[in-house]
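A.B. asks: how would this look folded up:
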Amino acid sequence: DEFGNPAADQTLELFTVDSEFDGEVFSEDSFSLDEDGQATVTVSDTQIVTADPDHTLTVDAEDVETDSVDIEVEASDVDSVEIEPEVDQTITAGETVEFDATALDEFDNEVEADDSAFMWDAQGGEISTDGAFTETDAGDYDVTAEFDGESSAPTTVAVEPADTDQVIIEPEDDRTTTAGDDIDFDATAFDEFDNVIADDDTAFDWTADGGAISGDGLFDEATAGDYDVIAEFDSEASDATTVTVEPAETDTVEIEPESDQTITAGDDIDFEATALDEFDNVVEETGSKFDWDGQGGAIDGDGLFAETEVGEYEVTAELDGVESDSTTVTVEPADVDRVEIEPEDDQTITAGDQIAFSAEALDEFDNVVEDDNTAFDWDAEDGAISNDGLFTETDAGSYDVTAELDDIVSAPTTVTVEAADTDEIVIEVEDGQPITAGNSIELTVEATDEFGNPAADRTLDEFEVDSEFDGEIYSEDPLSLDADGEAAITIP
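C.D. replies: All right, here's what the predicted structure looks like:
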């Protein structure tokens, strides 16, 4: 009572116990006290559920002053574990998610909140003992925390690649290929942690230093040369792979000059050859590597054509069984070096006969420069010779026949013209000689051919002199004539 006496055996009406956290935890309309003015109140374990070291309970009854008491309410066994953040996360490789964990009893009282007290797991991902998730490998990771055998629901962390750090292409080693073949390049973009950012070849910008490469990395350049293949993604370029394109097999052989040529004997033409593949790449252009043919004309292993014999020659070059088109080289004679006439041996003819001379002008290589007789200037030292070389002189004597062209004169052929058959005899009396009947007479006999040439050194058979009055007055068989075709006789 108000004096401190026990309210023995009394009844408290409308008796309640209230928790500062959990509300009314006990009530009884009529609550009986024992002889000591006391009663035991049992609060159900489902009523006071909020753990607190200073959990205040307040009792109250009708017409009685209320009172309060502080009790320590501890959490019960772990019933669940919660982690924050609990919603799924997406981060970039290199970033960190700071997880926090809380262990709760069945009434959601905190059992443990020290992150380092939990067992953290990230399914292979990197997570510290206090919940700092720092995995750099791209992927999905389920993060959980465990305490006293209770595990949290997972929070899935999606780790995405960071910014592009490098681009790698395959093949990355330098390559050599043949024109007409191709190389299929692949590209991969990585972040600084080697996560694949992109590996779809079409996502990259491909360049080949002027060479042909498609948008998905197919290199198919057919022109011989060196090409640096590079793939670029997000402004990051790969190291270059150098592709050396070599010529394919020989498809054609070309020679220069390719147009027909005309040269003078003694000159030369330095031919050059180029072997090309089907893509017009140069397979070979060293002259000595080709097989040269001049169709009988002189051409060396380097393609130097130096034939001196007049004619037409088809020049070709061959490599790997492929032959070029031919260039026709016409070799013309050089300048006149000498003139030759036929017959070249000295000749002896009879007056009235003739000799048909022919002439050839030759260069220093024995090529015929001219063989038309009328093209020459003929000379027979006053002997009769036509403009085409026909010698017809009838005066007995020796004649040097020559032919001239371009100021070059042939060696002479000496033609000796001898008298023809004796055609006429003339008797001459020495001027002033007295002729007296019965005396001897000195006469000169002169014999000539039909052209008036002396019948030199001949004999006259059955020679006789007849007088119109006295008959035969002289005879000699034969009568020898001297070099002038003359003989002196004495008529007795």
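A.B. asks: Could you measure from Arg175 over to Ala240?
C.D. replies: From Arg175 over to Ala240 the distance is 11 Å, taken as Cβ to Cβ, to the nearest Å. No exception for glycine: its C-beta is placed from N, CA and C like everyone else's.
A.B. asks: what does Asp173 give?
C.D. replies: 11 Å.
A.B. asks: okay, the two: which has more neighbours?
C.D. replies: Between Asp173 and Ala240, Ala240 has the larger neighbour count (other Cβ atoms under 10 Å), namely 17 against 7.
A.B. asks: for the more buried one, what are its contacts?
C.D. replies: Ala240 sits next to Asp209, Asp228, Val229, Ile230 when contact means Cβ atoms under 8 Å, 6 or more residues apart in numbering.
A.B. asks: Same question for Val81.
C.D. replies: Counted by Cβ under 8 Å, 6+ apart, Val81 has contacts Ala101, Thr102, Ala103, Leu104, Phe118, Ala145, Glu146, Phe147, Glu150, Ser151, Ser152.
A.B. asks: quick one: the first one and Thr129 touch, right?
C.D. replies: No - under the contact definition of Cβ atoms under 8 Å, Ala101 does not touch Thr129, with a separation of 11.3 Å.
A.B. asks: Same drill for those two, tell me which one is more crowded.
C.D. replies: Neighbour count, other Cβ under 10 Å: between Ala101 and Thr129, Ala101 has more, with 25 against 11.
A.B. asks: Confirm that one sits in a strand?
C.D. replies: Yes - remark: Ala101 belongs to a strand, assigned using DSSP: H, G, I helix; E, B strand; the rest coil.
A.B. asks: got the contact list for it?
C.D. replies: Ala101 neighbours (Cβ under 8 Å, 6+ apart): 81-84, 112-113, 115, 118, 120, 131, 145, 147, 152.
A.B. asks: rerun that using 7 Å as the cut-off
C.D. replies: Ala101 sits next to Val81, Ile83, Asp115, Phe118, Gly131, Ala145, Ser152 when contact means Cβ atoms under 7 Å, 6 or more residues apart in numbering.
A.B. asks: Could you check how far it is from Val243?
C.D. replies: 56 Å.
A.B. asks: Per-residue pLDDT of the nearest residue to Asp100 once chain neighbours are set aside, please?
C.D. replies: Once flanking residues are discounted, Asp100 sits nearest to Glu84: 4.7 Å by Cβ to Cβ, 6 or more residues apart in numbering. In this model, Glu84 is scored at 98, pLDDT.
A.B. asks: Next, Glu84: phi, psi?
C.D. replies: When read as degrees, to the nearest 10, the backbone of Glu84 gives phi -120, psi 140.
A.B. asks: burial count for it?
C.D. replies: Neighbour number of Glu84 under other Cβ under 10 Å is 13.
A.B. asks: wait, it sits on Glu98?
C.D. replies: No - Glu84 is not in contact with Glu98 according to Cβ atoms under 7 Å; the separation is 9.1 Å.
A.B. asks: can you list contacts of stretch 293-306?
C.D. replies: Residues contacting stretch 293-306 (Cβ under 7 Å, 6+ apart): 268-273, 287-288, 290, 292, 307, 313-317, 329.
A.B. asks: Derive a ChimeraX selection command for the buried subset of the residues you listed.
C.D. replies: Here is the ChimeraX command that selects the buried residues among those (16 or more other Cβ atoms under 10 Å):
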select :269,271,273,287,290,292,307,313,315,316,317,329
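A.B. asks: Tell me which strands the one helix or strand Ala487 maps to pairs with, and in which orientation.
C.D. replies: Taking DSSP states H and E as the definition, one finds Ala487 inside strand 486-491. Strand 486-491 has the following strand partners under DSSP bridges: strand 441-449 (antiparallel).
A.B. asks: next SSE after the strand it pairs with?
C.D. replies: Next along the chain after strand 441-449, taking DSSP H and E as the criterion, comes strand 459-460.
A.B. asks: who touches that following strand?
C.D. replies: Identification of contacts with strand 459-460 by Cβ under 7 Å, 6+ apart yields Ala447, Pro478, Leu479, Ser480, Leu481.
A.B. asks: do stretch 172-184 as well
C.D. replies: With Cβ under 7 Å, 6+ apart as the test, stretch 172-184 has contacts from 217-220, 222, 224, 239, 241-248, 277, 279, 281.
A.B. asks: Make a ChimeraX selection of the buried ones in the residues you listed.
C.D. replies: Burial among those is assessed by 16+ other Cβ under 10 Å; the matching ChimeraX selection reads:
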select :217,219,220,222,224,241,243,245,247,248,277,281
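A.B. asks: which stretches of this protein have low pLDDT?
C.D. replies: Counting by pLDDT under 70, the chain contains low-confidence residues at 431-434.
A.B. asks: Val167 bridge partners, please.
C.D. replies: Assessed by DSSP bridges, Val167 has beta-bridge partners Ala189.
A.B. asks: show me what contacts it?
C.D. replies: Ala187, Ala189, Ala231, Glu232, Phe233, Glu236, Ala237, Ser238.
A.B. asks: now Ile83
C.D. replies: So Ile83 contacts Phe99, Asp100, Ala101, Val143, Ala145, Ser152, Thr155 (Cβ under 7 Å, 6+ apart).
A.B. asks: how near is it to Asp105?
C.D. replies: 17 Å.
A.B. asks: Kindly report the same for Leu390.
C.D. replies: 150 Å.
A.B. asks: which one is the spatially most central residue of the chain nearest to, not counting chain neighbours?
C.D. replies: Compute the mean C-alpha point of the chain, and by Cα atoms, centre = their mean the closest residue is Ala224, 2.2 Å away. With Cβ to Cβ, 6+ apart as the criterion, Ala224 has its nearest non-adjacent residue at 4.0 Å, and that residue is Asn281.
A.B. asks: if I pick that neighbour, what's in contact with it?
C.D. replies: Ala179, Thr223, Ala224, Pro247, Ala248.
A.B. asks: possible to save the residues you listed as JSON lines with secondary structure and distance to Glu364?
C.D. replies: Converted to JSON lines, the contacts of Asn281 look like this (DSSP: H, G, I helix; E, B strand; the rest coil; distance: Cβ to Cβ, whole Å):
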{"residue": "Ala179", "secondary structure": "strand", "distance to Glu364": "50"}
{"residue": "Thr223", "secondary structure": "coil", "distance to Glu364": "49"}
{"residue": "Ala224", "secondary structure": "coil", "distance to Glu364": "47"}
{"residue": "Pro247", "secondary structure": "coil", "distance to Glu364": "45"}
{"residue": "Ala248", "secondary structure": "coil", "distance to Glu364": "48"}
